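> 3D, please:
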Amino acid sequence: MEDWISLGYLLSAALFIFGLKKLGHPRTAPFGNQLGALGMLVAVVTTILQMGLGDGIEWVLIGAGLVIGSLIGLWMAIRVEMTGMPELVALFNGFGGAASALVALSEVWRYMEDPSNVPTDQLEITVIMVAAGLSALVGWMTLTGSLLAMFKLKGGVSIFGKWIKTPTWGPVWLNPVKVMMVVGVAVLIYLSIDAPTDENYLWGIIGISSLLGIVLVLPIGGADMPVVVSLLNSLSGIAAAFTGFIIGNSVLIVAGSLVGASGLILTFIMCKAMNRTLPDVLFKSFGGSGEKESLTRTKVGSDPDEVAMMLDGAQKVIIVPGYGMAVSQCQHQVKEFADLIAEKYDTEVKYAIHPVAGRMPGHMNVLLAEANVPYEQLIEMDEINPEFPDCDVALVIGANDTTNPAARSGEGPLAGMPIIDADAARTVVIVKRSLSVGYAGVDNDLFYMDKTMMLFGDGKAMMTGLNNAIKES
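Just a heads-up that it's a prediction; the model follows:
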């Protein structure tokens, strides 16, 4: 039986690794998700078999947990819109951290309920209490931080029918407080080693860790949320790995380490894409702190017929999708537009994908893949930027900060952030509801250039009108 248990854990770990590998490309990502889900199923079944439960109430509880959890996950997956995917991912990160922390809590709670359960070996109790403390620190911090990140991405929360905007607040003195909280948790963990049955240390760790998650995310502005979501994803994996050490579960250690490492790598990729360092994101109230520039300039809007006339004869068009495309759910109209001009004008069409477009890594890729856009047309920022000087038309749909030339100025929230070079195209068409600023709160000079045509309105309505105008031209 032990051999089969080891084989089951090995199989689940292999499925996690291959699934993670497949997630590296949009074409193989669905299969990667399926491999990961299968790996989790194998891990759960193997763990149940290892526990060797009898026919008692334990089976009922486990079965109920599996059914209820599966139904909740299915309901949330069906109900969520693509625009709400970043919030859902942040929420799932919090759930992952909390689950790991609760498992660690249940293990330590056994010592408090019955002191005879405390290991006699000092090294063993030291390892367990340190791992439990770190799991509590990371797990509860991830939960509260993820919940706040979710509400920041959502823009606020409705309480008794009244919409309350999520604040962004972080005075300079808050950073020393964060450090003191981490030191405080470390001291409590050290003290708990010699008193594993004292629940006061445990509740102290949980309380400080929960508050730490809030004060870590509270100063971070909306423009830095992609980095925060990636980091919280990494922390949820780290919490799972710590828990694996406590209960002696090898697959939990492997899976947690994989999530923690991949999430951290993605975090650094996001930081590079925004020209930020992780300490800057965590300890500076920047990246869209809530202060918005006042708009003093105006721009006369164009209509779909004008844009359709201008597109006649365009040899190369680059589409730049942004969060506005996700909000209006117009990815299918965008795909229809690309097909129309490719067929009618023999136009080459490509899509410029910024790493943080849509407030979550891969958000635009998933939206466009849903509309059956060919994967070879989705080009990453570094590869597509040199092509803009030879581009006849850059069609920007709901993107703002990721195309803002202010990033090249070296000043302000967007300073140094790599952007899509849409302003280098011969003509720029921007589909946007208004001239309002983006998450970073900076006005966009691209809107006011002479070569820029603005289509003011809802993305789906404007793209539908543009498609109709092309058909009739």
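
> for the least confident helix or strand in the chain by mean pLDDT, the distance to its chain's centre please.
When the helices and strands of the chain are scored by mean pLDDT, DSSP states H and E, strand 156-159 comes last with a mean of 74. Distance, stretch centre to chain centre, for strand 156-159: 21 Å (Cα atoms, centre = their mean, to the nearest Å).

> continuing past it, what's the next helix or strand?
Downstream of strand 156-159, the next assigned helix or strand under DSSP states H and E is strand 162-165.

> dump the residue contacts of Val227.
Shown in contact with Val227 (Cβ atoms under 8 Å, 6 or more residues apart in numbering): Thr267, Met270, Cys271, Met274, Arg276, Leu278, Val281. For the C-beta atoms, the positions are set from N, CA and C on the backbone; glycine is no exception.

> Count the neighbours of the fifth one for me.
Pointing back at Arg276 there. As a burial measure, Arg276 scores 21 neighbours (other Cβ atoms under 10 Å).

> quick one: contacts for Ser434?
Taking Cβ under 8 Å, 6+ apart, one finds Phe456 in contact with Ser434.

> just to revisit the earlier point, in terms of secondary structure, what does the least confident helix or strand of the chain contact?
If contacts are counted by 3 or more Cβ pairs under 8 Å, 6 or more residues apart in numbering; DSSP states H and E, strand 156-159 sits against strand 162-165.

> between the contacts of Val227, which has the most around it?
Comparing the contacts of Val227 by number of neighbours (other Cβ under 10 Å), Met274 comes first, having 27 neighbours.

> doesn't Ala357 make contact with it?
No. Applying Cβ atoms under 8 Å, one finds Met274 not in contact with Ala357, separated by 11.5 Å.

> Where do the domain boundaries of the chain fall?
1-79, 85-283, 304-472 (automatic domain parsing).

> Which among those domains is found nearest to Thr298?
Checking the domains of the chain against Thr298 by Cβ to Cβ gives domain 304-472 as the closest, at 7.5 Å.

> where's the closest one relative to the chain centroid, distance-wise?
The answer for domain 304-472 is 22 Å, by Cα atoms, centre = their mean.

> Figure out the length between the terminal residues of that domain.
11 Å (Cα to Cα, to the nearest Å).

> Just the buried positions in stretch 70-89, please.
Met82, Thr83, Gly84, Met85, Pro86, Glu87, Leu88, Val89 (16 or more other Cβ atoms under 10 Å).

> er, stretch 459-467 actually
Using 16+ other Cβ under 10 Å as the test for burial, stretch 459-467 gives Gly459, Lys460, Met462, Met463, Thr464, Gly465, Leu466, Asn467.

> avg pLDDT for that stretch?
Per-residue pLDDT over stretch 459-467 has a mean of 94.

> Also stretch 72-89?
Mean predicted confidence for stretch 72-89 is 82.

> Next: stretch 178-195.
Mean predicted confidence for stretch 178-195 is 93.

> So which residues make contact with that stretch?
So stretch 178-195 is contacted by 125-126, 129-130, 132-134, 137, 198, 201-202, 204-205, 208-209, 211-212, 215-216, 283 (Cβ under 8 Å, 6+ apart).

> repeat that with 7 Å
125-126, 129-130, 133, 137, 198, 201-202, 204-205, 208-209, 211-212, 215-216 (Cβ atoms under 7 Å, 6 or more residues apart in numbering).

> Give the PyMOL command for selecting the buried subset of those residues.
To isolate the buried members of the contacts of stretch 178-195 in PyMOL, using 16+ other Cβ under 10 Å:
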select buried, resi 125+129+130+133+137+201+202+204+205+208+209+211+212+215+216
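
> Each with direction, which strands does the least confident helix or strand of the chain pair with?
Sheet partners assigned to strand 156-159 using DSSP bridges are listed as strand 162-165 (antiparallel).

> Now do the partner strand, average pLDDT.
77.

> Over to stretch 414-427?
Stretch 414-427 comes out at a mean pLDDT of 89.

> got the buried residues for that stretch?
So stretch 414-427, judged by 16+ other Cβ under 10 Å, has buried residues Leu414, Ala415, Met417, Pro418, Ile419, Ile420, Asp421, Ala422, Asp423, Ala424, Ala425, Thr427.

> Let's see that stretch as PDB, backbone CA atoms only.
C-alpha atoms of stretch 414-427 as PDB (Å, rounded to 0.1, in the frame of the first residue of the first chain):
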ATOM      1  CA  LEU A 414       4.300  55.800 -15.200                       C
ATOM      2  CA  ALA A 415       8.000  56.900 -15.300                       C
ATOM      3  CA  GLY A 416      10.100  54.400 -17.200                       C
ATOM      4  CA  MET A 417       7.300  51.800 -17.700                       C
ATOM      5  CA  PRO A 418       7.700  50.100 -21.000                       C
ATOM      6  CA  ILE A 419       4.700  50.900 -23.200                       C
ATOM      7  CA  ILE A 420       3.200  49.900 -26.600                       C
ATOM      8  CA  ASP A 421       4.600  52.300 -29.100                       C
ATOM      9  CA  ALA A 422       1.200  53.100 -30.700                       C
ATOM     10  CA  ASP A 423       2.200  56.700 -31.200                       C
ATOM     11  CA  ALA A 424       4.800  55.600 -33.800                       C
ATOM     12  CA  ALA A 425       2.100  54.500 -36.200                       C
ATOM     13  CA  ARG A 426       1.100  56.700 -39.100                       C
ATOM     14  CA  THR A 427      -2.500  57.000 -37.900                       C
END
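
> Which residues does that stretch contact?
By Cβ under 7 Å, 6+ apart, the surrounding residues in contact with stretch 414-427 are 273-275, 310, 318, 320, 352, 354, 381, 385, 388-389, 391-394, 396, 401-407, 409-410, 428, 440, 442, 446, 449, 451, 453.

> Then stretch 238-255?
9, 12-13, 16, 43, 47, 96-97, 100-101, 103-104, 107, 127-128, 131-132, 134-135, 138-139, 142, 256-257, 259-260.

> Buried ones among these?
9, 12-13, 16, 43, 47, 96-97, 100-101, 103-104, 107, 128, 131-132, 134-135, 138-139, 142, 256-257, 259-260.

> from the residues you listed, which ones fall inside helices?
With helices taken from DSSP state H, the overlap with the buried ones among the contacts of stretch 238-255 comprises 9, 12-13, 16, 43, 47, 96-97, 100-101, 103-104, 107, 128, 131-132, 134-135, 138-139, 142, 256-257, 259-260.

> just checking, Tyr351 is part of a strand?
Yes. Counting by DSSP: H, G, I helix; E, B strand; the rest coil, Tyr351 is located in a strand.

> Phi first, then psi, for Ile420.
phi -70, psi 130 (degrees, to the nearest 10).

> next one: Pro355
Main-chain torsions, Pro355, degrees, to the nearest 10: phi -60, psi -30.

> now do Ser436
phi -60, psi 150.

> Quick check: it vs Ile319, distance?
According to Cβ to Cβ, to the nearest Å, Ser436 and Ile319 sit 21 Å apart.

> Settle it for me: which of those two has more neighbours?
Ile319 (25 against 11).

> quick one, phi/psi of the more buried one?
Given degrees, to the nearest 10, the pair of backbone angles that Ile319 has is phi -100, psi 130.

> Let me know whether it touches Leu395 as I believe.
Yes. Contact criterion Cβ atoms under 7 Å: Ile319 and Leu395 qualify, at 4.9 Å.
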